[in-house]
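Colleague: model this:
(2 chains)
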Amino acid sequence: MKIALKIGMLVLMAAAVSMTGCKKKPKAGAGVDVGDLGPVGAGDVYGDALAGRPDALTEIASQFGFVYFEFDSAQVGESERAKVEAVAEYLRGNGSVGVIVEGHCDERGSNDYNLALGERRALAVRAYLVNLGIDAGRIQTRSFGEERPAALGHDEASWSQNRRAEFKLFQ
Amino acid sequence: MKRLMLVVMLLAATVASAQVTVRKGAGQKSTIDWSAYQAAGDPMGQSFLKVLTDDLIRSGYFQRGAPGQSELALTGRAGGAGGSFNAEVSVYNRAAQQQVYGKRYPANPQEIRRVAHRVADEIIEAVTGKKGMASATLAMVGTRTGKKEIYLADADGGGLRQLTRDNAISISPQWGPGGRQLVYTSYLKGFPDLYLVELATGARRRIASYSGLNTGGAISPDGGMIAMILSKDGNPELYVRDVNGGALTRLTQTARSAEASPSWSPDGRQIVYVSDQSGTPQLYVISRSGGSPRRITSRGSQNVSPDWGRNNLIAYASLFGGRWNISVLDPVSLEAKQLTPGDADYEDPSWAPNDRHLAAGRAIRYASKVVLLDSLGDPPVVLTDYPGDWTSPAWAPVR
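Modeller: So this is what the prediction gives:
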């Protein structure tokens, strides 16, 4: 509980810093076709092997904002980037923790396909974090597909809240 | 798993070796009458007769006919007391004036459903020459406990038993050959990993826990290989590997798209799977050793969840006009036929071992049940009339 609170405050501070400070533009993946990933979460990181899973991993609650996605898209939109940047800022100041990026989908489409789409959302956020200078070894991805909706309705109001990436910290 | 202990005794009269096969066109039914069957007043006997005759009707090859006017007459008696149960069943072809089936099964009272299913399949084979599905097992995902767990049920949806108690999220069950193994995806250890259950012993082991996503496990028809979707190399892709471990062979190279839901061809040489490399999820076929994938679906805004049947037809879910329906596609001619009536959303088809029927999930107002579909046109039948949502059915291949 205490840790969560502390992290929450750090997140707020990090967010404040990132809003006032000079926002770092993500590096364009030089010479890499970014395709449907758009300008962010693409390029030179995507397609690199993932870091090994730690044997034992203690998850810590966090209060980072969710990153939202368009329908059937794994592209981190312009409006969502500051949320990822806040996480990167926090990770820079807290070298001993890692982050699990969780990818989620709305309920439309097959469960199996949504597991893959959710993973791609998590990987897009991971790619942006790496672009922002975070060591890929500190990032794990976990797709929940459509299995853990944030909102339970069956309309766009709920679906738009469910197409998201969440952040969990671990030690 | 308890082995079915059955003593089979052939009635002397059974040896009507000349099997009179009733030849019928697709969708045509033989009339069968069981009004003379003696089970009245005996709860075990009545339960046996109900399971048996429901199986016969569900098979699609029979309809109930009037006494004295039906093509087939089912006679005999079934009943039991205390620790014993006995069923005698005969089927006569009236036109040929010949017994086409006759058997007596002494059994334990706990085995009444199994005996009834077995007799149903034997009658179906004796009359039509075709394999039945009544004795087959279905795996599926149920939410009865509040969490997604894997359940097993008889082909009529009865005899429900809970296979996993992970208290996590357990999804995507698929069988190995003969129904001896079941592979599924579970978050038991926090991440989506693949687990394999040996049905005979209940032993379970984690067979894929690479970084990122481990899902879509599908065991090859010879039981040696497993196809799966992994993101360990940075993106969800299709891989194959020995079931028991060893080196991975990566079959797809699509850095900007997602793959899902592999299913093996009956000869084990090809795999059908979902990829959104065209922008929407569509079905592709690739050789088990890799190479260029071939797209096989063109109609429908999304085509997912393929199941390649032993009949060489691929069943899948297709989104068309805002509705999910089940279609069946010939991967050679690419001819497709829609099976479901468009009255609900149908998902995740699985061919039954009789090569005629399929199980699928059917969602009506976001409540999902497993239904039986008939590729020859009988209307859908609900198999899981239980509380909770029931999805992702998978038929165990016959032994």
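Colleague: hey, let's count contacts and neighbours off CA atoms from now on
Modeller: Noted.
Colleague: For stretch B:41-57, buried residues please.
Modeller: Neighbour-count burial for stretch B:41-57 flags B:44-49, B:51-57 (criterion: 16 or more other Cα atoms under 10 Å in any protein chain shown).
Colleague: Could I get the residues you listed in JSON lines, plus columns for pLDDT?
Modeller: Shown next, in JSON lines, are these (pLDDT from 0 to 100):
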{"residue": "B:Met44", "pLDDT": "94"}
{"residue": "B:Gly45", "pLDDT": "96"}
{"residue": "B:Gln46", "pLDDT": "96"}
{"residue": "B:Ser47", "pLDDT": "96"}
{"residue": "B:Phe48", "pLDDT": "97"}
{"residue": "B:Leu49", "pLDDT": "98"}
{"residue": "B:Val51", "pLDDT": "98"}
{"residue": "B:Leu52", "pLDDT": "98"}
{"residue": "B:Thr53", "pLDDT": "98"}
{"residue": "B:Asp54", "pLDDT": "98"}
{"residue": "B:Asp55", "pLDDT": "98"}
{"residue": "B:Leu56", "pLDDT": "98"}
{"residue": "B:Ile57", "pLDDT": "97"}
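Colleague: Tabulate these (a markdown table), appending distance to A:Val125 and secondary structure.
Modeller: Formatted as a markdown table, the buried residues of stretch B:41-57 follow (distance: Cα to Cα, whole Å; DSSP: H, G, I helix; E, B strand; the rest coil):
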| residue | distance to A:Val125 | secondary structure |
| --- | --- | --- |
| B:Met44 | 61 | helix |
| B:Gly45 | 62 | helix |
| B:Gln46 | 61 | helix |
| B:Ser47 | 57 | helix |
| B:Phe48 | 58 | helix |
| B:Leu49 | 59 | helix |
| B:Val51 | 54 | helix |
| B:Leu52 | 56 | helix |
| B:Thr53 | 57 | helix |
| B:Asp54 | 53 | helix |
| B:Asp55 | 52 | helix |
| B:Leu56 | 54 | helix |
| B:Ile57 | 54 | helix |
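Colleague: Between these, which sits nearest B:Leu213?
Modeller: B:Asp55 (40.1 Å; Cα to Cα).
Colleague: so what's the closest one up against?
Modeller: By Cα atoms under 8 Å, 6 or more residues apart in numbering or on different chains, the residues touching B:Asp55 are B:117, B:120, B:134, B:156.
Colleague: do the same with A:Asp72
Modeller: A:Leu117 are the contacts of A:Asp72 under Cα under 8 Å, 6+ apart.
Colleague: can you give me the strands in the stretch 251-399 of chain B?
Modeller: Using DSSP state E, counting those that start in this stretch, the strands of the stretch 251-399 of chain B run over residues B:259-264, B:270-275, B:282-287, B:290-295, B:302-308, B:314-320, B:323-329, B:336-338, B:345-351, B:357-364, B:367-374, B:381-382, B:390-395.
Colleague: Show me the two of the buried residues of stretch B:41-57 that sit farthest apart.
Modeller: B:Met44 and B:Ile57 (20.1 Å).
Colleague: what about B:Gly322, how many neighbours?
Modeller: When counting by other Cα atoms under 10 Å in any protein chain shown, one arrives at 10 neighbours for B:Gly322.
Colleague: for A:Ala74, same thing?
Modeller: Neighbours around A:Ala74, by other Cα under 10 Å: 29.
Colleague: helix or strand for the closest residue to it other than its chain neighbours, which one?
Modeller: Spatial nearest neighbour of A:Ala74, excluding adjacent residues (Cα to Cα, 6 or more residues apart in numbering or on different chains): A:Arg121 at 4.5 Å. Element membership for A:Arg121 (DSSP states H and E) is helix A:111-131.
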